[in-house]
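J.: Model the structure of this input:
(2 chains)
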Amino acid sequence: QKEVEQNSGPLSVPEGAIASLNCTYSDRGSQSFFWYRQYSGKSPELIMFIYSNGDKEDGRFTAQLNKASQYVSLLIRDSQPSDSATYLCAVTQTGANNLFFGTGTRLTIIP
Amino acid sequence: SQTIHQWPATLVQPVGSPLSLECTVEGTSNPNLYWYRQAAGRGLQLLFYSVGIGQISSEVPQNLSASRPQDRQFILSSKKLLLSDSGFYLCAWSASGELFFGEGSRLTVL
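T.: Residues are numbered from 1 along each chain as shown, chains lettered A, B, ... in the order given. As a prediction, the model looks like this:
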């Protein structure tokens, strides 16, 4: 069983629409959750992190966490072509010093 | 502000040759340091992490090794590369949970 699962996509969204990216995780003890954006050929960059159940908003991005369902999501409002990238979900796990990453969802914004 | 640099950015090496990738962090003290590998079409695989000078934890047994000779320096090495070592190598640091990545080193083993 994979620790962190994401739909690999590709996910195609029209420009200006809301993109919804989802992630599930297996360790109920996970406390911290992160979303990274990775452009092709580049390294991942941190977009958002969330620790508590509920929503956290930062500009056009909203992270949502539901620990009971072991589910975390990222919403991108007013999607732009520059949002086209692979989005990686990462979570901490009990007793570990590192983050566990999903394989990523490839998002394409269609002009 | 904190910055992280790794080099070289790209390298092509023959099978059986040695490898050395270097990573340095500036603007922070005693960071946790990590080496990840990302193979084509696959997720990030943790190779090594370090919580201090000389302290290395290996996550995947293989022909790679890591060293941390100074607080903000992390080196990934191999004595003899395999074809399967090809990939995108990422150094990262953290202080409070979130990871910040270097620019990456793309290794092709032929």
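J.: For the most centrally placed residue in chain B, list the residues it contacts.
T.: Centroid-nearest residue in chain B: B:W35, 3.3 Å away (criterion: C-alpha atoms, centre = their mean). B:W35 sits next to B:21, B:23, B:46-49, B:66, B:74, B:76, B:89-92 when contact means C-beta atoms under 8 Å, 6 or more residues apart in numbering or on different chains. Using the backbone N, CA and C atoms, a C-beta is placed for each residue, glycine as well.
J.: Spell out whether the helix or strand bottoming out on mean pLDDT in chain A and chain B are in contact.
T.: Least confident element among the helices and strands of chain A, by mean pLDDT, DSSP states H and E: strand A:99-101 (a mean of 90). Yes: contact of strand A:99-101 with chain B (C-beta under 8 Å from any C-beta of the partner chain) involves A:L99, A:F101.
J.: Just give the closest residue to A:T92, not the sequence neighbours.
T.: Nearest non-adjacent residue to A:T92, counting by C-beta to C-beta, 6 or more residues apart in numbering or on different chains: A:S32, 4.5 Å away.
J.: same thing with B:L76?
T.: In space, B:L76 is closest to B:L21, 4.3 Å off (C-beta to C-beta, 6+ apart).
J.: Name the residues that touch the helix or strand hosting the one you found?
T.: Assigned by DSSP states H and E, B:L21 falls within strand B:19-26. Contacts with strand B:19-26, where a contact means C-beta under 8 Å, 6+ apart, come from B:2-8, B:11, B:13, B:31, B:33, B:35, B:64, B:72-78, B:81, B:85, B:89, B:91, B:93, B:102, B:105, B:107.
J.: thinking again about what came up before, who does the residue nearest to the centre of chain B form a beta bridge with?
T.: According to DSSP bridges, the partner residues bridging B:W35 are B:F48, B:C91.
J.: any idea how far chain A is from it?
T.: 10 Å (C-beta to the nearest C-beta, to the nearest Å).
J.: re earlier: return a ChimeraX selection command for the buried portion of the contacts of strand B:19-26.
T.: Those of the contacts of strand B:19-26 that count as buried under 16 or more other C-beta atoms under 10 Å in any protein chain shown are selected in ChimeraX with:
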select /B:4,6,11,13,31,33,35,64,72,74,75,76,78,81,85,89,91,93,102,105,107
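J.: mind checking the end-to-end distance for stretch A:65-78?
T.: 21 Å (C-alpha to C-alpha, to the nearest Å).
J.: Nice, that's everything, thank you.
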